[in-house]
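Novice: Fold the following.
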Amino acid sequence: MSLFDWFAETRSRASEAYRRKSPNLNQDSQEREIPDGLWHKCSSCGALTYVKDLKTNLMVCPECGHHNQVNAYERIAQLIDAGTWQEMDADLTSCDPLGFKDRKPYIDRIKEYRQKTGLSDGVITGTGKIDGCDAALAVMDFRFMGGSMGSVVGEKITRMLETATAKRYPALIFCASGGARMQEGILSLMQMAKTSAALERHRQANLLYIPILTNPTTGGVTASFAMLGDLILAEPKALIGFTGRRVIEQTLKQKIPEGFQSSEYLLDHGFVDAVVPRTKLKQSLAMILKMHQPQTDIDSDRHLNGAVKSGFDIVSETSLASEV
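Specialist: Modelled structure (predicted):
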């Protein structure tokens, strides 16, 4: 008998002995069964929330404020004005340039994730309006291979930024990624430079770029476009960093502070400009976008029905914006 089989048999015997000693377990001590799709148990506080109420609250736990992961299409629906979204490069898909194979060929893994998620790759890009303000948007989806950045993700983000530069739109990227996609080797690392170059051209055109860091944002994404924003926003308690805690501690040979890779810690140390709850994100983004509208748009906005806004209105808007 192998050691593994001996452990399995011993554990089975112990479990059977425990069941014989306690035939009538207290029903209240057992975990309640939750019907599928009706209730949601918070992974942070354990509170049960009606799924319909949770979706109304943008997948934020009403008890503890825990931000559950949302997919790319849910994120777009939460932010973009109805009927204004125009997706870009929806059919752009990855090939297998290196013929990579681990437990299964990379090309088969790609097909599997396409079937599971309904996505062509790990990011959705397009243009739309946020409270009436034009914007170009890229939303990464962690469900697709951990949101890893391969050639298609880098290309779609680059094309989105080039479109934003040509149309003079502000650019927003929602980051959720484990980093570069190892199955594409050096080609995935090249996307860091490509996206950064596109962002530099966008910056030289005096246009606004805002990355929004969600849980998790790590690896090559953190090392490139996630940290190149004019304003860097983050969701509460998001994991943000380049590499894992254990690797850093083993390299430095010392313990590092608890929560050092959280959005709140980065805010305290100047790496993030604001931590914004998801329920207030659209309002905050709309306010920032309106503050950075071209002067011609601002002038036309001040003339509502032929009447110029009062100085008090303009000062109030500026004061409100400073609270973000």
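Novice: Show me where this protein has its helices.
Specialist: 3-21, 51-56, 72-79, 106-117, 151-167, 185-204, 219-222, 245-252, 263-268, 281-291, 295-302, 311-321 (DSSP state H).
Novice: Comparing these, which comes out most buried?
Specialist: helix 219-222 (a mean of 25; mean count of other C-beta atoms under 10 Å). The C-beta positions use only the backbone N, C-alpha and C, and glycine is treated the same way.
Novice: Relative to Asp91, which of the helices of the chain is closest?
Specialist: helix 151-167 (10.4 Å; C-beta to C-beta).
Novice: give the contact list for Arg61.
Specialist: In this structure residue 61 is Cys, not Arg. Taking C-beta atoms under 8 Å, 6 or more residues apart in numbering as the criterion, Cys61 is in contact with 42, 44-45, 47, 49, 54, 67-68.
Novice: right, I mislabeled it, should have said Arg201
Specialist: 161-162, 165.
Novice: rerun at 7 Å
Specialist: The contact partners of Arg201, by C-beta atoms under 7 Å, 6 or more residues apart in numbering, come to Thr165.
Novice: how close does it sit to Leu161?
Specialist: 8 Å (C-beta to C-beta, to the nearest Å).
Novice: remind me which residues of this structure are low pLDDT?
Specialist: Scanning the chain for pLDDT under 70 picks out 1-36, 295-324.
Novice: First-to-last residue distance for stretch 81-95?
Specialist: One end of stretch 81-95 sits 34 Å from the other (C-alpha to C-alpha, to the nearest Å).
Novice: Can you give the distance from it to the centre of its chain?
Specialist: 17 Å (C-alpha atoms, centre = their mean, to the nearest Å).
Novice: Any buried residues in it, and which?
Specialist: Within stretch 81-95, the residues that count as buried by 16 or more other C-beta atoms under 10 Å are 85, 88-89, 92, 94.
Novice: Adding distance to Thr217, write these out as CSV.
Specialist: Shown next, in CSV, are the buried residues of stretch 81-95 (distance: C-beta to C-beta, whole Å):
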residue, distance to Thr217
Trp85, 23
Met88, 22
Asp89, 22
Leu92, 22
Ser94, 21
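Novice: These in strands, which ones?
Specialist: Within the buried residues of stretch 81-95, residues falling in strands by DSSP state E are Met88.
Novice: Asp96 - nearest residue in space that isn't next to it in sequence?
Specialist: Counting by C-beta to C-beta, 6 or more residues apart in numbering, Ile107 is the residue found nearest to Asp96 once chain neighbours are left out, at 4.3 Å.
Novice: what about the one you found, distance to Leu266?
Specialist: 37 Å.
Novice: go on, Glu155?
Specialist: As defined by C-beta to C-beta, Glu155 lies at a distance of 28 Å from Leu266.
Novice: and if you look at Gln86?
Specialist: Counting by C-beta to C-beta - Gln86 and Leu266 are separated by 33 Å.
Novice: Surely Thr222 is in contact with Leu239?
Specialist: No - with contacts counted by C-beta atoms under 7 Å, Thr222 stays clear of Leu239, the gap being 10.2 Å.
Novice: what sits against Tyr169?
Specialist: Applying C-beta under 7 Å, 6+ apart, the residues near Tyr169 are 127, 134-136.
Novice: which residue sits closest to it, ignoring its sequence neighbours?
Specialist: Ala136 is the one closest to Tyr169 (C-beta to C-beta, 6+ apart), at 4.6 Å.
Novice: That'll do, ta.
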